[in-house]
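A.B. asks: model this:
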Amino acid sequence: MQFIVAWLKKLPILPIALFIGGLLLGLLIGWIVAPVKFVDATPAYLRADLQEDYLRMAIDSFRLNSNPDLAVQRWQNLGSGAQPAYNNIQADPKGADPNVIKAYGDLITSVLSAGGSQPAADVTGGLSSGMKIAVIGIGIVLLLGVVAGVGIYFFRLFGNRGRGEVTAVMHSSEISRKAEKTNFEDLGLAPPITQTMTTYVLGDDLYDESFSIDTQAGEFMGEYGVGVSEAIGVGDPKKVTALEIWLFDKNDIKTATKVLMSRHAFEDPGIRSRLEPKGELVVVEPQGQILLETATLQLLATVVDLEYGKGPLPPDSYFERATLELAIWPRQG
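C.D. replies: Have a look, this model is predicted:
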């Protein structure tokens, strides 16, 4: 189950949502709003052998009722299939009077040579003009909704870039990029499978980072990440007082989780009681290290940088900035 959850978290949610929305809209229009219907379809849509049977019946009817308008109409109903069917009937009358066949053909030839035309088959979706306008209107509204949703998503992510301002997401990405990673080989340790820097900055209310763990051969081993666990106070931006770090191992039935708390939150009984069900509680300290272990993996999280926010809330109660280095090794033994 944990493997499925981790796999679902890796999926690109926005494209999948747009695909499903478009599929449902298409099914709604195609099956309910404007289903395609054949109305008074002609024999032109029949197979060639059935078209030939139809023309044989038309010729037999012509023997009894020599109405030229009816004969021509039945010929025209076959469209481009009329002439091949007539040629087959001439070659193999199957008991029909050859003179009647020839008379029918002569009539058709005289009418067509006089400027007769073959109408196209009458196929319509059965929609009135008002219904078509309604369908187009619904489609436009849904399209505008999708465009607006995508626009809001990217505006929240990069909303101030056009004005030259730096968003919290951009700021945190820049801090993580500039942070120097630990050289574990210099410390006598094996190089980690994967090593990542991640930064929370005040204002990034949607902070929730996750990373895949893969072997050099590309085999999926698990996933790890960190996100907002608890906030205090009111108003925007969210005042984050605890972060949740987790490690998922595809070979383990349980995800390892620890909650990194501010000093104030760690000493507050009410906050502790709310967060204890999430995992082991740890107070965050600069350069502090937190170890998470599963059946086959271990994660070492190092607090590279930490700064508390300054405001009307209690001292050391929420984070202004927190940079973590996350390194993964296979668990020995």
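A.B. asks: Least confident secondary structure element in this protein?
C.D. replies: Across the helices and strands of the chain, mean confidence by mean pLDDT, DSSP states H and E is lowest for helix 2-9: a mean of 48.
A.B. asks: Following element in sequence after it, please.
C.D. replies: helix 13-27 (DSSP states H and E).
A.B. asks: Buried by neighbour count: which residues of whichever helix or strand comes after that following helix qualify?
C.D. replies: Once the chain leaves helix 13-27, the next helix or strand it forms, by DSSP H and E, is helix 48-64. Residues of helix 48-64 classed as buried by neighbour count (16 or more other C-beta atoms under 10 Å): Gln51, Glu52, Tyr54, Leu55, Arg56, Ala58, Ile59, Phe62. Bear in mind the C-beta positions are built from the backbone N, C-alpha and C, glycine included.
A.B. asks: what do you get for stretch 195-212?
C.D. replies: Applying 16+ other C-beta under 10 Å to stretch 195-212 flags 195-204, 207, 209, 211-212 as buried.
A.B. asks: which stretches of the stretch 151-300 of the chain form strands?
C.D. replies: 194-201, 208-214, 220-232, 239-249, 256-261, 280-283, 289-293, 297-308 (DSSP state E, counting those that start in this stretch).
A.B. asks: closest one to Gly95 among these?
C.D. replies: Nearest of the strands of the stretch 151-300 of the chain to Gly95, taken as C-beta to C-beta: strand 220-232 at 72.9 Å.
A.B. asks: Quick check: bridge partners of the residue lying closest to Phe266 once chain neighbours are set aside?
C.D. replies: Spatial nearest neighbour of Phe266, excluding adjacent residues (C-beta to C-beta, 6 or more residues apart in numbering): Val283 at 4.2 Å. Here Val283 sits in beta bridges with Met261, going by DSSP bridges.
A.B. asks: Count the neighbours of Val283 for me.
C.D. replies: 16 (other C-beta atoms under 10 Å).
A.B. asks: In CSV: the buried residues of stretch 195-212, plus distance to Pro314 and pLDDT.
C.D. replies: Putting the buried residues of stretch 195-212 into CSV (distance: C-beta to C-beta, whole Å; pLDDT from 0 to 100) gives the following:
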residue, distance to Pro314, pLDDT
Gln195, 35, 93
Thr196, 31, 93
Met197, 29, 94
Thr198, 26, 94
Thr199, 24, 94
Tyr200, 19, 94
Val201, 21, 92
Leu202, 16, 91
Gly203, 20, 89
Asp204, 22, 89
Tyr207, 22, 91
Glu209, 27, 91
Phe211, 33, 93
Ser212, 38, 92
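A.B. asks: I'd like those residues laid out as TSV, including distance to Tyr45.
C.D. replies: Listed next are the buried residues of stretch 195-212 as TSV, based on distance: C-beta to C-beta, whole Å:
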residue	distance to Tyr45
Gln195	66
Thr196	62
Met197	66
Thr198	63
Thr199	65
Tyr200	65
Val201	65
Leu202	68
Gly203	64
Asp204	61
Tyr207	60
Glu209	58
Phe211	57
Ser212	53
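A.B. asks: out of those, who's nearest Val72?
C.D. replies: Ser212 (71.4 Å).
A.B. asks: The closest residue in space to Gly288 that isn't next to it in sequence and Ile16: what is the separation?
C.D. replies: Spatial nearest neighbour of Gly288, excluding adjacent residues (C-beta to C-beta, 6+ apart): Val303 at 4.7 Å. Distance, Val303 to Ile16, by C-beta to C-beta, to the nearest Å: 35 Å.
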